[in-house]
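Visitor: Here's a sequence, model it:
(chains A and B)
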Amino acid sequence: MSFSTANIGTIGVVGLLGVGLYCLLITRNLIKLVVALQIMVKAAVLGLVAAGSVSGQVQLSQSLAVTVIVADTVVAVIGLALAVQVRRQLGTLDVGDLSQLRG
Amino acid sequence: MLLYALLIALALVCAIQAIRAERLLTSALWLAGVSAALSIVFYMMGAYTVAVIELSVGAGLVTVLFVFAINIAGEDLSFPPPLVPKPLAWALVIAAVGLLGWSALPQSAAEVPAQESTFAAVLWGKRGLDVLVQIVLIFAGVLGLLGLLAETKAPLDQSVAQEVIARREDELAALQKRVVERERELA
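Guide: Take a look at the predicted model:
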């Protein structure tokens, strides 16, 4: 396996996705969960841009990446607002304590 | 090529530090490091617009949002055991990463030079619908944020309610008195 741009980019994508997935599984802190999501979305954006640069369609990959970044920012804003409200109402950031929400 | 590898390694180290950090604020700052390293990679790959947006939005705006939220919510320094046992989490992550790496590596595509129109032509021409969706998404995000962070009105205080009742009774008594006087005048 030669260490071309495409291979290095793909290794970065796989590594970042792994780190984000591990954090998503292991953490119970609501704000940390948003951090994990951010890491995974950054991996997705890196994958898009690397694929675009390898296949010679940088501009198309850029326009897709911009959409992903906008959606990701909105998700981060809503997630953080939810975390703040949960902290205000329940006094905790622990996902395990959200069992009060059970019907 | 070495610079690519170094920057990707830097991004990975920053990501690992972000999930290992015990304080949330430190975690948010390491996340900004991931963004900064990746934006340099994007620039080197020729995606200049995304590099600028990633640096300003990913490393700037989102970090400010995180710091703001952590300041409001406060640090939660208790470390309860994870809901998923650690060995299971490791097994799942290794399986996912292994499958992904197995299907995606090695990349054999030959590098083709870019022969495209400008970014603006592609964004507004080919992907015009995406721009509309982004606008709708931003509006939905703003409305959702306003709905989530709206201050709920507290119920009326008992003393205030009683005060209102007392004032109404005073007014009623004054009115009755005036009616009685008027009747006396007429009679």
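Visitor: right, is the lowest-mean-pLDDT helix or strand in chain B up against chain A?
Guide: Lowest by mean pLDDT, DSSP states H and E among the helices and strands of chain B is helix B:119-121, with a mean of 80. Yes - interface with chain A: helix B:119-121 contributes B:Phe119, B:Ala121 (CB under 8 Å from any CB of the partner chain). Backbone N, C-alpha and C define where each C-beta goes, glycine included.
Visitor: tally of neighbours for A:Lys42?
Guide: Using other CB atoms under 10 Å in any protein chain shown, A:Lys42 has 28 neighbouring residues.
Visitor: Let me see the contact set for it.
Guide: The contact partners of A:Lys42, taken as CB atoms under 8 Å, 6 or more residues apart in numbering or on different chains, are A:Leu16, B:Ala11, B:Val34, B:Ser35, B:Leu38, B:Gly58.
Visitor: mind running it again at 10 Å?
Guide: A:12-13, A:16-17, A:20, A:68-69, A:72, B:11, B:15, B:31, B:34-35, B:37-39, B:54, B:58 (CB atoms under 10 Å, 6 or more residues apart in numbering or on different chains).
Visitor: and residue 75, how many residues sit next to it?
Guide: I'll assume chain A. Other residues lying near A:Val75 total 16 when counted by other CB under 10 Å.
Visitor: that's the wrong chain, I wanted chain B
Guide: Applying other CB under 10 Å, we find 14 residues neighbouring B:Glu75.
Visitor: any idea what sits nearest it, other than its immediate chain neighbours?
Guide: Spatially, and ignoring its direct neighbours in sequence, B:Glu75 is nearest to B:Leu24 (5.6 Å; CB to CB, 6 or more residues apart in numbering or on different chains).
Visitor: The helix ranked longest in chain A near chain B anywhere?
Guide: Determined from DSSP state H, the single longest helix within chain A is helix A:58-90. Yes - Helix A:58-90 lies within reach of chain B by CB under 10 Å from any CB of the partner chain, at A:58-89.
Visitor: now the chain, which segments are flagged as low pLDDT?
Guide: This is for chain A. For chain A, applying pLDDT under 70 flags the ranges A:1-2, A:100-103.
Visitor: switch to chain B, that's the one I care about
Guide: In chain B, residues with pLDDT under 70: B:108-116, B:152-158.
Visitor: Do you have the helices of it handy? List them.
Guide: Secondary structure of chain B (DSSP H): helices at B:2-20, B:24-44, B:48-53, B:62-73, B:86-104, B:119-121, B:128-149, B:158-186.
Visitor: can you pull the buried residues of the shortest one?
Guide: Neighbour counts using 16 or more other CB atoms under 10 Å in any protein chain shown place B:Phe119 of helix B:119-121 among the buried residues.
Visitor: now for it, which elements pack on it?
Guide: helix A:58-90, helix B:48-53 (3 or more CB pairs under 10 Å, 6 or more residues apart in numbering or on different chains; DSSP states H and E).
Visitor: And the contacts of the least confident helix or strand of chain B?
Guide: Residues outside helix B:119-121 that contact it (CB under 10 Å, 6+ apart): A:Val58, A:Gln59, A:Leu60, A:Gln62, A:Ser63, A:Val66, B:Ala47, B:Tyr48, B:Thr49, B:Val50.
Visitor: Right, I'll leave it there.
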